[in-house]
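S.K.: below are the sequence and a predicted model; questions follow.
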Amino acid sequence: ESSYFAASCCGLAMKVSLLCLLAGISSRPTTALLLHDNLSRVVARGNGWDDMACFMDLSKYGFAVNESSVIFRSQTRQTTGELAEPQVLVVQDVDQAGQQRRTLVFKSSQGKCNPQAGTGCALAKMGQPPDTGFGSTSSTGSDLEKDAADLGASSDSVDQCDSMSCPPDLEQVKKGQGYVQSMLGALSFITPAGSSSTGYDILSIGLGAATLPLLLHDLVPQSRQTVVELSGDVVQASRCFGAETAGFDVQEAEGRQFLDAAQDGYFDAILVDAFDGDDKVPSCLTTGNFFHMARSKLKGGGVLVMNAHSGVTLHNDLQDLIPSAQHSFPRVLVGEAPTLANKILVATNSGASQDKPPLATGMLAEWLEAAKFYQPPAAGEPRTDDGLDCHLAHS
């Protein structure tokens, strides 16, 4: 009992310290009043002890976090069981190289935590001294007022994204290797028939930490991006990663339903980076019906690119995706995600082109080569929508 009491007091002290820090860096009476009004709610949350299992899970992945590291926490959902929606957290810590980073985390109703995606903070690269995990405090009064109001939105939510600056370190991402780089490299398969002198129309299904659309915006500024995300909590948390300043359109919607309602022949590329609560590609995104519909939404030389698990440690999504893709597209390829067990599936709306693809230059060409795309052998019959609740209007 004494150890439990000590842990609870420690968590309480962290919450009080955080609010005192916010209050100390702002002289605005409105902000101070908001913080004071919400102090009792924040102190009463008691998440420190509840998060212990979560922090232990994250430590297995190399994260060193505690309650003060949580800069965003969605409101706890009261649902339980397999269909329970996970709580969304954003944590900030320092990696082994001494750079601050932010990570999107899903916390299950059983308290288990799984890191989803993240990025480093460019502040540390700019020579600014690291702090104790609270991020930069060079914030405006309006940012603090907004965060103070968000802190009181519910009895257990936290939102400090606006008051704690962390510009994403895209230069560091460019130096890395993984599924994001391979997915963007796959855009090199867009043929001239699918490109336009006025830019590229690209749909991303799945937002995560917004690393992929942010990097795409940086490398292909002429792209017009729409990002669709099912979870409103993930959309809200994306502000922690700079998504609101990038100029692309973020829509809270179910990805397949959004695509189904889109104009035929509109997109140069459709990027799918989405997994369900079991870390599988959602069933409605694996069927022949989905791939047939997706092809109809692409321009003549457009591409569909999907992030998938290979079965090494998680479900083998490829066994679901390849038959369905081959049933609908004339050309299907599979590539590597260097340093990861992920695989990248590419389905092109046309066969191999003799013309040089317009985006096969620079970093995209390098990432394309590193992914080592190959044509898989013919697979079996595609999955169908039968028995699935995909809620489609006409596909």
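M.R.: Yep, that arrived.

S.K.: got a pLDDT number for the nearest residue to His327 once chain neighbours are set aside?
M.R.: Nearest non-adjacent residue to His327, counting by Cβ to Cβ, 6 or more residues apart in numbering: Pro382, 4.2 Å away. Every C-beta, even on glycine, is put in place using the N, C-alpha and C of the backbone. As predicted, Pro382 sits at a pLDDT of 93.

S.K.: may I have the longest strand anywhere in the chain exported as CSV, CA atoms only?
M.R.: Among the segments of the chain that qualify as a strand by DSSP state E, the longest is strand 298-308. Written as CSV, here are the backbone C-alpha positions of strand 298-308 (Å, rounded to 0.1, in the frame of the first residue of the first chain):
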residue,chain,number,x,y,z
LEU,A,298,-7.4,6.3,-60.7
LYS,A,299,-6.3,8.2,-63.8
GLY,A,300,-5.0,6.1,-66.8
GLY,A,301,-1.5,5.9,-65.4
GLY,A,302,-2.3,6.1,-61.7
VAL,A,303,-1.1,3.8,-58.9
LEU,A,304,-2.5,2.3,-55.7
VAL,A,305,0.1,1.9,-53.0
MET,A,306,-0.6,0.0,-49.8
ASN,A,307,1.4,-0.6,-46.6
ALA,A,308,1.1,-4.2,-45.4
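
S.K.: may I see the buried residues of it?
M.R.: Buried residues in strand 298-308, counted by 16 or more other Cβ atoms under 10 Å: 298-299, 301-308.

S.K.: about what we covered before: hmm, Pro323 and the residue nearest to His327 touching each other?
M.R.: Yes: counting by Cβ atoms under 8 Å, Pro382 sits close enough to Pro323 to count as a contact (4.7 Å).

S.K.: common neighbours of those two, please.
M.R.: Shared contacts of Pro382 and Pro323 (Cβ atoms under 8 Å, 6 or more residues apart in numbering): Gly288.

S.K.: could you list the paired strands of the longest strand of the chain along with their orientation?
M.R.: Taking DSSP bridges as the criterion, strand 298-308 forms sheet pairs with strand 267-272 (parallel), strand 343-348 (antiparallel).

S.K.: can you give me the helices for the stretch 51-200 of the chain?
M.R.: Using DSSP state H, counting those that start in this stretch, the helices of the stretch 51-200 of the chain run over residues 52-59, 122-125, 141-151, 170-175, 179-185.

S.K.: same question for the stretch 201-350 of the chain.
M.R.: 211-219, 232-237, 255-261, 288-296, 318-328.

S.K.: out of the ones you listed, flag the one nearest Val158.
M.R.: Of all these, the one in closest proximity to Val158, counting by Cβ to Cβ, is helix 232-237 (10.5 Å).

S.K.: same for the closest one, what does it pack against?
M.R.: The helices and strands touching helix 232-237, judged by 3 or more Cβ pairs under 8 Å, 6 or more residues apart in numbering; DSSP states H and E, are strand 87-94, strand 249-252.

S.K.: what is the mean pLDDT for the longest one?
M.R.: What that stands for is strand 87-94. For strand 87-94, mean pLDDT rounds to 93.

S.K.: do stretch 191-201 as well
M.R.: The model assigns stretch 191-201 a mean pLDDT of 72.

S.K.: from start to finish, how long is that stretch in a straight line?
M.R.: By Cα to Cα, to the nearest Å, the extent of stretch 191-201 from end to end equals 14 Å.

S.K.: try stretch 262-282
M.R.: Taking Cα to Cα, stretch 262-282 runs 20 Å from one end to the other.

S.K.: with stretch 305-324 instead?
M.R.: End-to-end distance for stretch 305-324: 14 Å, by Cα to Cα.

S.K.: which residues sit against that stretch?
M.R.: Stretch 305-324 is contacted by residues 179, 183, 186-187, 206, 269-273, 275, 278-281, 285-288, 290-291, 332, 334, 337, 341-347, 376, 379-383 when judged by Cβ under 8 Å, 6+ apart.

S.K.: quick one: it to chain centroid distance?
M.R.: Its chain's C-alpha centre and that of stretch 305-324 lie 18 Å apart, by Cα atoms, centre = their mean, to the nearest Å.

S.K.: again, but for stretch 243-253
M.R.: Counting by Cα atoms, centre = their mean, stretch 243-253 comes out at 12 Å from the chain centroid.

S.K.: look up how far Asn289 lies from the nearest residue to Gln160 once chain neighbours are set aside.
M.R.: Closest residue to Gln160 apart from its sequence neighbours, by Cβ to Cβ, 6+ apart: Ile71 at 4.5 Å. Using Cβ to Cβ, to the nearest Å, Ile71 is found at 40 Å from Asn289.
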